[in-house]
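Colleague: coords below, sequence missing:
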Ligand SMILES: Cc1ncc(COP(=O)(O)O)c(C=O)c1O
């Protein structure tokens, strides 16, 4: 038995152990075919079933209305930063697209969109180092805009939109990369949501895009075929060779989530896990939370210690104790515990125990 390691990496992140075991067990012989899932054609009937089952399971877990398409697209979440304006800016005569900047990825989203529309940042929390979600008054949402883009959960910091704003006729687009299926959301409120798979769903490099059908009609003629959501929907994500392995793993993760009781059940566990860490952080000033309490999410818990040297010591000793990848993102520093759906309660308890002991010795 190898030593117990808990992986707190922000992504690629840990996957549920039973999913990993199943992948191992059927890797060389997929469903009695005598060959691996990664060797069969994306057009084989066995793979098509994998794809359709994953889509159906996702639809069921999110209670997704029938007028939404579920796409698997190449290039991870960041590719969608360009694909979104290419597909949707045409909804507005002036290609006006609204963005709220709540962190590093929210900033990259509007930066990457810039060549393809009249990109407006209508609110930002940059001035306070993204320690909050800025106020967004409905009057700030220009009803002529093609869409409003938000980042649901800000991976580097751990803030999230606790509720999403009413946007009137303007479709709401949400980057859910670091919170997909971690809490119950009403998908009928969104025009489009998307997520790189590598946190709550599967391997990196592919994204899931969930889009309302009426939004498939606005792609600019310059949209590359593989970024065109209408083409992708028409081909059911098989325009070219899909990332069959990523879709297969996602299907297994969705199955696992279903077995855990679905999104409502995992949301409760996620809250419990995050509260264990936040309670400890709030119990004194040894650990200092990065995000104002009312904006905290449950997926990424970020905090600092008094000095960079003490943080270095924390990371070194945590690593030796089997608590892996707790270093904050290079642009933020400090400590970040990413505790996605697959992180068991026991992993968070192990971290909390370590934190208490570290404080006792160094406080
Ligand atoms: C919120 C968010 N959006 C986008 C991305 C970029 O994802 P990808 O690396 O799949 O392009 C990340 C990656 O961590 C993320 O956390």
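Modeller: Perfect, thanks for sending it. Being a predicted model, the structure only gives us computed values, none of them experimental.

Colleague: do you know how far residue 115 is from the ligand?
Modeller: 18 Å (C-beta to the nearest ligand atom, to the nearest Å). All C-beta atoms are positioned from the backbone trio N, CA, C, and that covers glycine.

Colleague: I'd like to check which residues are in contact with that residue.
Modeller: Counting by C-beta atoms under 8 Å, 6 or more residues apart in numbering, residue 115 touches residue 82.

Colleague: Wait, a helix at it?
Modeller: Yes - counting by DSSP: H, G, I helix; E, B strand; the rest coil, residue 115 is located in a helix.

Colleague: Just the pLDDT at it, thanks.
Modeller: Residue 115 is assigned 98 on the pLDDT scale.

Colleague: With residue 1 instead?
Modeller: You'll see residue 1 listed with a pLDDT of 53.

Colleague: Likewise for the one 4 residues further on?
Modeller: Here, the pLDDT recorded for residue 5 equals 96.

Colleague: What residue in the stretch 151-300 of the chain comes nearest to the ligand?
Modeller: Per C-beta to the nearest ligand atom, residue 196 is where the stretch 151-300 of the chain lies closest to the ligand, at 2.8 Å.

Colleague: How many neighbouring residues does the residue nearest to that residue when sequence neighbours are not counted have?
Modeller: Counting by C-beta to C-beta, 6 or more residues apart in numbering, residue 196 lies nearest to residue 77, which is 3.5 Å off, once chain neighbours are set aside. Other residues near residue 77 number 29, with proximity taken as other C-beta atoms under 10 Å.

Colleague: Now do the strand or helix carrying residue 77, average pLDDT.
Modeller: According to DSSP states H and E, residue 77 maps onto helix 76-88. Computed over helix 76-88, the mean pLDDT rounds to 98.

Colleague: that older thread, surely the residue of the stretch 151-300 of the chain closest to the ligand meets residue 79?
Modeller: No - in this structure, residue 196 is not within contact of residue 79 by C-beta atoms under 8 Å, at 9.0 Å.

Colleague: So between these two, which is more surrounded?
Modeller: Using other C-beta under 10 Å, the more surrounded residue of residue 196 and residue 79 is residue 196, with 29 against 20.

Colleague: Residues contacting stretch 133-145, please?
Modeller: Contacts for stretch 133-145 (C-beta under 8 Å, 6+ apart): 92-94, 96-98, 100, 102, 120, 122-125, 148, 159-162, 165-170, 295.

Colleague: For stretch 306-315, give the mean pLDDT please.
Modeller: Stretch 306-315 shows a mean pLDDT of 97.

Colleague: Report the buried residues of it.
Modeller: For stretch 306-315, a neighbour-count test (16 or more other C-beta atoms under 10 Å) marks 311, 314-315 as buried.

Colleague: The stretch 51-200 of the chain: helices as residue ranges?
Modeller: 76-88, 104-113 (DSSP state H, counting those that start in this stretch).

Colleague: Now the shortest one: buried residues?
Modeller: In terms of neighbour count (16+ other C-beta under 10 Å), helix 104-113 has its buried residues at 104-110, 112-113.

Colleague: among these, which two are most distant?
Modeller: 104 and 113 (15.1 Å; C-beta to C-beta).

Colleague: what sits against the spatially most central residue of the chain?
Modeller: Nearest residue to the geometric centre of the chain (C-alpha atoms, centre = their mean): residue 177, 1.8 Å. With contacts defined as C-beta under 8 Å, 6+ apart, residue 177 is in contact with 11, 77, 105, 153, 155, 194-196, 199, 207.
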